[in-house]
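A.B. asks: quick one, fold the following:
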Amino acid sequence: MDDSADDTNKLTLNMQAYAKKVKDDPFAPPEVKTVSPLLFNKPDWEQVDIYSLAMLSLYLLFGEKFAAKIPMHLNTLRENVSEDMYSITKNIIESPYGSRPTLEEYLDVIEDTLSKTD
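C.D. replies: Model prediction:
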């Protein structure tokens with residue numbers, strides 16, 4: 001077996017072990033929980049991290065782990081924040097890996113939202 005195949009097998013085993021560990025973690029994105037092939041080779045960790053950040057933000061706002069309650073909390077979020085903040089958070093949570101907004105876009109909306117509350 002060549003080194004690249006051995007490295008791929010090790011990566012697969014590591015990712016499968018990690019996926020089992022985080023299967024019930026509400027902050028872990030779907031592609032991590034299912035060991036998506038999209039994460040192989042050169043994963044875009046920003047796409048993984050932005051999902052976790054959006055979920056953490058909702059957790060801080062609502063105070064509970066709510067994977068099953070995302071639609072309800074998104075509706076509550078819509079009633080209490082700007083349309084831009086609601087839209088980007090919803091987009092991060094509902095978009096598949098590779099098409100989520102960037103961290104910079106999310107932070108720009110947060111900054112803009114905070115500047116309007118001053």
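A.B. asks: residues near the residue nearest to Asp25 when sequence neighbours are not counted, how many?
C.D. replies: Leaving out its chain neighbours, the residue that sits closest to Asp25 by Cβ to Cβ, 6 or more residues apart in numbering is Lys33, at 7.7 Å. C-beta here means a position set from N, CA and C on the backbone, and glycine is covered the same way. By the measure other Cβ atoms under 10 Å, the count of residues near Lys33 is 16.
A.B. asks: also Ser52?
C.D. replies: Neighbours of Ser52 under the rule other Cβ under 10 Å: 16.
A.B. asks: isn't it right up against Phe27?
C.D. replies: Yes: assessed by Cβ atoms under 8 Å, Ser52 is found in contact with Phe27 at 4.7 Å.
A.B. asks: so where does the spatially most central residue of the chain fall, helix or strand?
C.D. replies: The chain has Tyr51 as the residue nearest its centroid, 1.2 Å off, counting by Cα atoms, centre = their mean. Using DSSP states H and E, the element containing Tyr51 is helix 45-62.
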